[in-house]
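J.: dropping a prediction and its sequence here:
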Amino acid sequence: MSEEEIIQYLSNTPDFFVRNADVLDDLTIPHPVNGRAISLLEYQVNHLRKSTAEYRGQFERLVDVARENESTMQKSRRLILAGLNCRSLDDLAVAVDDMVRDDFEVAFHTLILFGDHQDSSIKCHNLDVDQGLMPFTMNLEECFCGILPEKEMAYLFAEEAGQVNSVAVLPLLSRAGGDIEKRGLLILGSDKATTFDQEKGTFFLQHLADLLSAILLRLTP
């Protein structure tokens with residue numbers, strides 16, 4: 001009788017060991033760690049402990065994801081409410097300051113608007129006379145994490161550029177009619193290289209960029 005036939009028989013006869021309990025007394029199984037012989041009951045206990053530990057790990061990971069999702073929702077909610085209360089570009093600058101301080105806890109950020117916005121204190125950048133100041137950053141249409149070229153870091157953070165070891169770039173875009181129009185940039189800077197590491201995902205950053213873009217479009221139709 002082959003092993004496959006035995007396995008098939010036991011699978012089709014789940015009460016076999018109930019009706020033949022004495023067989024269990026003669027069964028021994030190698031310990032999964034030290035190789036010594038153990039009883040089937042002890043083996044099952046060890047297997048259940050391992051399974052329990054694995055399930056506990058999966059549960060803890062699910063809890064962490066749930067907490068992260070809740071945090072993301074709260075941050076998004078605060079930004080949406082702040083955006084609804086914005087009546088000017090300077091109000092937007094204040095909302096960004098609050099978001100950077102409360103949600104990201106990073107020391108540096110730069111908000112740039114493209115075009116001429118003389119009614120605002122926000123830094124503006126004229127695309128027509130760009131002079132190659134941000135060739136890498138200007139080409140971004142999706143969020144980016146990592147570090148920028150030295151020349152661009154100096155332009156964006158001035159004398160503080162040497163203290164910034166990682167950045168997140170959030171392009172502020174209009175996608176009306178399927179055409180992409182660049183409206184501005186929000187650049188977050190951290191003194192820690194791991195805060196905005198290239199290996200980290202940008203899903204939440206992209207979500208914030210879309211919300212900020214919508215707020216900006218409302219203020220600059």
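T.: Now that the structure is in, tell me what you want to look at. Residues are numbered from 1 along each chain as shown.
J.: between the two ends of stretch 123-133, how far is it?
T.: Terminal residues of stretch 123-133 are spaced 14 Å apart (C-alpha to C-alpha, to the nearest Å).
J.: one more: stretch 161-177?
T.: Note: stretch 161-177 ends 37 Å apart using C-alpha to C-alpha.
J.: report the buried residues of it.
T.: When burial is assessed from 16 or more other C-beta atoms under 10 Å, stretch 161-177 yields the following buried residues: 161, 164, 166, 167, 168, 169, 170, 171, 172, 173, 174. Heads up, the C-betas are built off the backbone N, CA and C, glycines and all.
J.: average pLDDT for it, rounded please.
T.: Per-residue pLDDT values over stretch 161-177 give a mean of 90.
J.: distance from that stretch to the middle of the chain?
T.: Distance, stretch centre to chain centre, for stretch 161-177: 16 Å (C-alpha atoms, centre = their mean, to the nearest Å).
J.: kindly report the same for stretch 92-110.
T.: In terms of C-alpha atoms, centre = their mean, the centre of stretch 92-110 is found 18 Å from the chain centre.
J.: now do the buried residues in it.
T.: Within stretch 92-110, judged by 16+ other C-beta under 10 Å, the buried ones are 92, 93, 95, 96, 99, 100, 103, 104, 106, 108, 109, 110.
J.: closest to residue 120 out of the residues you listed?
T.: Each of these was scored against residue 120 by C-beta to C-beta, and residue 93 proved nearest at 7.4 Å.
J.: helix or strand right after the helix or strand hosting that closest one?
T.: Mapping residue 93 onto the secondary structure by DSSP states H and E places it in helix 89-99. Using DSSP H and E, the helix or strand that directly follows helix 89-99 along the chain is strand 108-114.
J.: specify the angle between the helix holding residue 93 and strand 108-114 in degrees.
T.: Per axes from the mean of the first three to the mean of the last three C-alpha atoms, to 10 degrees, the angle that helix 89-99 makes with strand 108-114 is 150 degrees.
J.: if we can go back for a sec, a markdown table for the buried residues of stretch 161-177, including secondary structure and distance to residue 117?
T.: Conversion of those to a markdown table gives the following (DSSP: H, G, I helix; E, B strand; the rest coil; distance: C-beta to C-beta, whole Å):
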| residue | secondary structure | distance to residue 117 |
| --- | --- | --- |
| 161 | helix | 24 |
| 164 | coil | 25 |
| 166 | strand | 29 |
| 167 | strand | 23 |
| 168 | strand | 23 |
| 169 | strand | 20 |
| 170 | strand | 18 |
| 171 | strand | 17 |
| 172 | strand | 13 |
| 173 | strand | 17 |
| 174 | strand | 15 |
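J.: that's all I had, so thanks and see you.
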